[in-house]
Every structure is written in structure tokens, then in C-alpha cells.
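J.: Need coordinates for the below:
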Amino acid sequence: MRYDVVVVGAGIAGPILARNLAKQGFDVLMIDKKAEIGSPKRCAEGLGIGNFKKYDIPLDKRFINREIYGAAIYSPNGHKLELRYNRVSGVILERKIFDKMLAYYAGKAGAEVMAKTEATGLIRSDGKIKGIKARHEGEPLEIHADIIVAADGVESRVARWAGINSFLPPHELDSAYEYEMILEGFEFDPDMIHLYFGNEVAPRGYVWIFPKDDDRANVGIGINGDNPNTAKYYLEKWLKENNIKGSKILEVNVGGVPVGGFLKELTKENVVVVGDAARQVNPMHGGGMAEAMEAATIASKWISRALEEGDLSLLENYTTEWWANDGERLMKVLEIRKISEKLSDDELDAAVQALSGADAEKLAAGDYRQVFKTLIKHPKILLKPKMLKLLREAL
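T.: Numbering: from 1, shown residues only. Model prediction:
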């Protein structure tokens, strides 16, 4: 088997990249080890509405469960900060269908797609990487390609096989645990996502409710991965404290979320790393779909150039461009997250009370600097010297 590009992994980054390159006429194969692309899901399923237009994805009702109009943030003592729009700001997806449809779009664009096909190693000849070894439905096969794309998730083996340093310190990995469940006797606005913070609620993370129906939602939690207690422990504790019965659970999803440790080296020889495999995830909220789409868009541009000009050294421009844009931005977000980890519950309460909906909108847009400037001037924060010191350091 011989292709211009072989993409390993059909999550978010892989199909976007495969589609982009296939549209340009390149011979592309995308493989995924799962028997059914998209299943199981490892996601709360929320995505900002602007990403559909930006990355040329149809707003298809088959994978959109619900439209969302904003978010509500709850402090440890129950103070609420609400950001509500009069227009749709995001959607709750059906990720199993969404991922499969992204693979469908790649196939319609001309890429070949093979499920239940697991990469098992790299093909090397004369000291160079020539393709990948794989197993399709139990049968071995060799796939030769000019360029290999590692889109195989946070535990990427392809990147490691290529000699890219993909070591992730335990502290830079969050542990996530989620139920899709029926919520009875617990009131929540189904037009909003709901985020609950607190060191006793979710250390370094938060509990989320992403509504799917008026009484059905993804209810999950993310905490620091090196916590002595499990994410399940904290989620069950929160459910019990809020009198939510766990007897109507429709699905359980568990996974690790990279929240730092972005790869410095995104290419090596003819191997390109994208998405969770490159740790391209927002370290504040743990979302990675939009970041994966952006990385795939940048990578596909430079893969195209490298193939057209027959110069694999052009792939290095992907690393340069990503770091100059998303990389630098996410590094700043990481610094903010490290500061937020040091705040007590009392300080988190004060922050939520001090902020307005307009401030929340700035937070959603990633404008943390302006929000910190607002907090520093607020009377509630002026009485908290440790918090003031942390905020000033962040500026």
C-alpha cells in the first residue's frame, strides 16, 4: 500500500487534516484502531459555535444534540457568575456521531478510511522512516507513505516510535470521570453549561454539567492526575452532596486529559504530531477539540507545501507557526492555571463575587490579563494579600 500521507487516529485532528489534504488531491489514508470511529467517547461534548464556520464543518443536526446560550460558574460557597448570550454560543455534540461524520467528510473528499486498523510500528529503510506497520482486523499489513501523521491521542505511540520526546509528567495530566445520566430532582438551566469549582469539589479542576435534554446531561469531573483520591471519588462525593442519585447512569466515560507539557518538537523527519498526541489542549478547561482543529489546519498547510515542493524540511514550519500562535497563547493560559491552583476556596469565592458577566465573557475569550486588572481593583480582593500578590505576578 502506498500513499502520500497516512494519518494514524480518527478523533478530531486526524479527519480534519485528512480531509484538507484529500481536497487538494493528495493520496491520503486514515486509520483508526477502534472498530467504530467515535466510540467510546472521551469528552463532555461541548464546542463553540464559531468553530464550525472557521474549520468548514457543516452544522449537521445529526450530531448536534442541543444549542447552548452561555455558561454559569459556581464558586465553592455557591456564588454564581453567569454569562448568557441572546444567541447560540455553542452546541452539545453527540461525539460518537460527530467523529464518524468528520471521518465521512474526509472520505467524501477523497481520503481512504480504515477502521479496526492499529499501527504497530514504523517501517524504516536506509535510516529513514518509510511508513507504518499495522494490523487490520488481525491481519498484518505495511503502509508506505511520504509523511506520517501521529493523531493517535494522548498516549501517542507513533510520536514515541519516531524518537520525539513525548514524556508527560504526571502533574501535567488530569484525570476525568463522567456519567451521561438522567438528573432527577436537581434543577439546572438546560440552555447553559454549568461549572462548579472548589478545592474540595474538584482539586485543580471542576465539576461540569453539559445538558443534553431537560433532564439528561453529561455530568463529569476533572482533577489533578496525581491526586491520592480518584476522580470518581470526587464526582460521587459531589453527587451525594447535591442529593443526585446515581441510579440512572446511561454511560460511563473515563480518560486522561493533558493540561500542559506541550510538545516542543511537533515534527521529526517525516512524522507530524497533532491534537492530543501533541498535548494541544487548553490547560485551563481541558478542552481540546478547537485546538486540535487549529493544529490540523496549520499542519495540513505545511504538509501540502512539503509534498508539492518535495522538501520535507518545510514540515518544521508547522512547529514554528503553531508555537508562534496557539503555543504561546496556551503557555500563558498554563501560567494562569498554575496561579489558580494556589487560590483557597475563600479566594475563589471572592473572585466569583467580584466578576461580572462582561468579565466572564473576557475569560471565555481568553483575555485573562484584563480580568486580573479588574480583580486587583476590587475591594473584596484588596483584603486578600496572597491573592493580590499572585494576580500581580500574573500581570
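
J.: Stretch 169-184: which residues count as buried?
T.: 172-183 (16 or more other C-beta atoms under 10 Å). (Each C-beta comes from the backbone N, C-alpha and C, glycine too.)

J.: Out of those residues, which comes closest to Leu83?
T.: Leu183 (21.6 Å; C-beta to C-beta).

J.: List the contacts of the closest one.
T.: By C-beta atoms under 8 Å, 6 or more residues apart in numbering, the contact list for Leu183 reads 209, 215-217, 219, 244.

J.: For Arg19, pull up the helix or strand it's in.
T.: helix 13-23 (DSSP states H and E).

J.: same thing with Glu393?
T.: Residue-wise, Glu393 maps onto helix 385-394 under DSSP H and E.

J.: out of the contacts of Leu183, what pair is the most spread apart?
T.: Arg216 and Ile244 (12.7 Å).

J.: The two - which one has more neighbours?
T.: Comparing Arg216 with Ile244 by other C-beta atoms under 10 Å, the one with more neighbours is Ile244, at 20 against 17.

J.: where's that one relative to Pro379, distance?
T.: 36 Å (C-beta to C-beta, to the nearest Å).

J.: ok, and the helix or strand in this structure with the lowest average confidence?
T.: Least confident helix or strand of the chain, by mean pLDDT, DSSP states H and E, is helix 357-364 with a mean of 74.

J.: tilt between the helix or strand just after that helix and helix 385-394?
T.: Counting by DSSP H and E, the next helix or strand C-terminal to helix 357-364 is helix 368-377. Put simply, helix 368-377 runs at 150 degrees to helix 385-394, going by axes from the mean of the first three to the mean of the last three C-alpha atoms, to 10 degrees.

J.: follow-up on the earlier one: can you pull the buried residues of the helix holding Glu393?
T.: Quick answer for helix 385-394 (16+ other C-beta under 10 Å): 387, 390-391, 394.

J.: Name the residues that touch that helix?
T.: So helix 385-394 is contacted by 335-336, 339, 342-343, 347, 350-351, 368-369, 372, 375-376, 381-382 (C-beta under 8 Å, 6+ apart).

J.: Which of those residues ranks first by neighbour count?
T.: Ranking the contacts of helix 385-394 using other C-beta under 10 Å puts Ala351 first, with 26 neighbours.

J.: Could you measure from the closest residue to that one other than its chain neighbours over to Lys386?
T.: Using C-beta to C-beta, 6 or more residues apart in numbering and skipping the chain neighbours, the partner closest in space to Ala351 is Leu375 (6.2 Å). In this view, Leu375 and Lys386 are 13 Å apart by C-beta to C-beta.

J.: and if you look at Glu309?
T.: Glu309 is 55 Å from Lys386, by C-beta to C-beta.

J.: Show me what counts as buried in the host helix or strand of Tyr3.
T.: Using DSSP H and E, Tyr3 sits in strand 2-8. By 16+ other C-beta under 10 Å, the buried positions in strand 2-8 come out as 3-8.

J.: For the residue nearest to Ala351, give me its contacts.
T.: Contacts of Leu375 by C-beta under 8 Å, 6+ apart are 351, 354-355, 381, 391.

J.: Turn these into a markdown table, including secondary structure and distance to Phe167.
T.: Below are the contacts of Leu375 laid out as a markdown table (DSSP: H, G, I helix; E, B strand; the rest coil; distance: C-beta to C-beta, whole Å):
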| residue | secondary structure | distance to Phe167 |
| --- | --- | --- |
| Ala351 | helix | 34 |
| Ala354 | helix | 39 |
| Leu355 | coil | 37 |
| Ile381 | helix | 38 |
| Leu391 | helix | 32 |
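
J.: Can you tell me which of those residues is closest to Ala231?
T.: Nearest member of these to Ala231, counting by C-beta to C-beta, is Ala351, at 23.8 Å.

J.: Spit out the contact partners of that closest one.
T.: 75, 343, 375, 381, 387 are the contacts of Ala351 under C-beta under 8 Å, 6+ apart.

J.: So the second one versus His79, what's the distance?
T.: Remark: distance between Leu343 and His79 (C-beta to C-beta) = 14 Å.

J.: same check, this time on the fourth one
T.: Taken as C-beta to C-beta, the spacing of Ile381 relative to His79 amounts to 14 Å.

J.: buried sites along stretch 265-283?
T.: Buried-residue list, stretch 265-283, by 16+ other C-beta under 10 Å: 265-283.

J.: ah, wrong one, I meant stretch 125-142
T.: Here stretch 125-142 shows 129-132, 134 as buried, counting by 16+ other C-beta under 10 Å.
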